[in-house]
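heads up, no residue letters with this:
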Ligand SMILES: Cc1cc2nc3c(=O)[nH]c(=O)nc-3n(C[C@H](O)[C@H](O)[C@H](O)COP(=O)(O)OP(=O)(O)OC[C@H]3O[C@@H](n4cnc5c(N)ncnc54)[C@H](O)[C@@H]3O)c2cc1C
Ligand code: FES
Ligand code: FES
């Protein structure tokens, strides 16, 4: 099958590759852009591990072809923070044990960021509904809800300081 | 798993999409939000050889009210529709039911047009649009036709839309003032497809129920509007015994089968309980709005 040149903007950087139209965005991100923070679990939209943001909104990168994403702005977990300079949401996950194996974490973080931007003072019920599309096989979710609750507080004090 | 190889075409207009489908013949598929088609391709259940991407036709992503009709462009996403003021003011039942459809991230990309063209029998919107007397605008090489929801959904995964046609708009008449409505579903997790869902809308004039619409998913192989139940209620007063009898009638007219999500007996039990609930809730709502 023919390949074609696909050029994508991920975290502000342009990556290009000659790929088949059937290449999933998740595979482009991991194999072409070599950004392996985004995880792949089920490859049919159910687990949420592959969640990224497209034009500011979360999307399953396994339910998007790389070609579809041309001309759109893609953000992955690498855009949040780095070791030693964690994003407040990452810091909250660390502090509240919001992860064990970490497989679900990139998806949880991208969804949490989108969610807290639209609902900066959520209830626990709001948080539970917000992450209903992201599966975690380790934590039992309670510590993830704790982490997102804590992240809301950290983000609020950050805006108050600014 | 990975999808089978295919060619990709990004359509730059409705006309371009329809012409491309027509030229290519069977084997070409439209791609909107991809939230049903791509899982099917990843699982090897759909193997189109040409994918025509209409996802960038942003002039088909509108939600607006015009002359008492809510008009939704086929490419408006679930979240756009759910959050639009036009939906809340003209068709609040749509918004209520949307709380049961998928998860936020899926709703960011999935479109109502793609949802109803996919026509999954466990899907909520085919039922809701049927109960709301919606109609669909379908465009083909020879022009446009408008099909009522009751005729649009032919069978599970089958609609009136021909291979070389495209759904362009969904039209829903605004709900009447004082109307009562309810939608409920039972699913394993929030956002999953329903095991059973039930919907109802009705008005009460001079103590009598009128314009009754009632239907279920999960009560048989496909979505069903239950006209026998509607007929039993139409013109009658909304007393509790009658509502309970109507729910029994819904049970008698259901023939669900066993599957991995639930067995038939459990589904029938849900049909009974949820039918009662939505009927009672719709009646209660009219009372609250001062129509009794
Ligand atoms: C994890 C998960 C949970 C979900 N939960 C639910 C749920 O609870 N309830 C529910 O109803 N759905 C659910 N869905 C499905 C979701 O609603 C999809 O968004 C929707 O079914 C398809 O819309 P789409 O725009 O993504 O269509 P696509 O996947 O792009 O297309 C679907 C089909 O429709 C055709 N099509 C698309 N647009 C048009 C058009 N304009 N004209 C003609 N044909 C067209 C395509 O060719 C394809 O055959 C879920 C999906 C996932 C992955
Ligand atoms: S890998 Fe995309 S949702 Fe599971
Ligand atoms: S931490 Fe292991 S899956 Fe969530």
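Yep, that arrived. Because the structure is predicted, anything quoted here is derived from the model rather than measured. Ligands and ions are numbered 1, 2, ... in the order given.

where does chain A dip in pLDDT?
A:1 (pLDDT under 70).

which stretches in it count as helices?
A:25-27, A:88-95, A:105-118, A:124-130, A:142-161 (DSSP state H).

and of these, who's closest to residue B:259?
Among those, the nearest to residue B:259 by C-beta to C-beta is helix A:124-130 (26.3 Å). All C-beta atoms are positioned from the backbone trio N, CA, C, and that covers glycine.

the residue in the stretch 101-250 of chain B that chain A sits nearest to - nearest residue in space that isn't next to it in sequence?
For the stretch 101-250 of chain B, the residue closest to chain A is residue B:103, as judged by C-beta to the nearest C-beta, at 2.7 Å. Of all residues not flanking residue B:103 in the chain, residue A:133 sits nearest, at 2.7 Å (C-beta to C-beta, 6 or more residues apart in numbering or on different chains).

give me the number of residues near that neighbour?
25 (other C-beta atoms under 10 Å in any protein chain shown).

one more: the one 3 residues further on?
Neighbourhood size, residue A:136 [other C-beta under 10 Å]: 22.

quick one: residues contacting it.
Contact analysis of residue A:136 by C-beta atoms under 8 Å, 6 or more residues apart in numbering or on different chains lists A:104, A:108, A:144.

sec struct for the residue nearest to the spatial centre of chain B, please.
Chain B has residue B:125 as the residue nearest its centroid, 1.7 Å off, counting by C-alpha atoms, centre = their mean. Assigned by DSSP: H, G, I helix; E, B strand; the rest coil, the conformation of residue B:125 is helix.

so who does the nearest residue to it once chain neighbours are set aside touch?
Spatial nearest neighbour of residue B:125, excluding adjacent residues (C-beta to C-beta, 6+ apart): residue B:115 at 5.3 Å. Residue B:115 is in contact with B:36, B:78, B:101, B:123, B:125, counting by C-beta under 8 Å, 6+ apart.

swap in 10 Å and give it another go.
The contact partners of residue B:115, by C-beta atoms under 10 Å, 6 or more residues apart in numbering or on different chains, come to B:32-33, B:35-36, B:77-78, B:101-102, B:107, B:123-126, B:129, B:170.

any idea how far residue B:139 is from residue B:69?
Distance, residue B:139 to residue B:69, by C-beta to C-beta, to the nearest Å: 18 Å.

pretty sure residue A:151 is touching residue A:93, no?
Yes. Judged on C-beta atoms under 10 Å, residue A:151 makes contact with residue A:93 at a distance of 7.5 Å.

what sits in contact with each of these two?
A:87, A:109, A:112.

find the closest residue to chain B in chain A.
residue A:133 (2.7 Å).

give me the neighbour count for residue B:87.
23.

find the nearest non-adjacent residue to residue 58, please.
No chain was given, so I picked chain A. For residue A:58, the spatially nearest residue (C-beta to C-beta, 6+ apart) is residue B:105, at 4.3 Å.

hm, I was asking about chain B
Using C-beta to C-beta, 6+ apart, the nearest residue to residue B:58 is residue B:75, at 7.4 Å.

for that neighbour, give its distance to ligand 3.
When distance is defined by C-beta to the nearest ligand atom, to the nearest Å, residue B:75 is 34 Å away from ligand 3.

repeat that for residue A:47.
Taking C-beta to the nearest ligand atom, one finds residue A:47 at 9 Å from ligand 3.

one step back: tally of neighbours for the residue nearest to residue A:58?
31.

can you pull the contacts of it?
Applying C-beta under 10 Å, 6+ apart, the residues contacting residue B:105 are A:45, A:48, A:51-53, A:57-60, A:63, A:107, A:110-111, A:114-115, A:130-134, B:35, B:79, B:191.

of the residues you listed, buried ones?
A:45, A:48, A:51-53, A:57-60, A:63, A:107, A:110-111, A:114-115, A:130-134, B:35, B:79, B:191 (16 or more other C-beta atoms under 10 Å in any protein chain shown).

ligand 1 next: which of those are close?
A:45, B:35, B:191 (C-beta under 6 Å from any ligand atom).

would you tell me which one of these comes nearest to residue A:155?
Using C-beta to C-beta, those come closest to residue A:155 at residue B:191, 25.1 Å.
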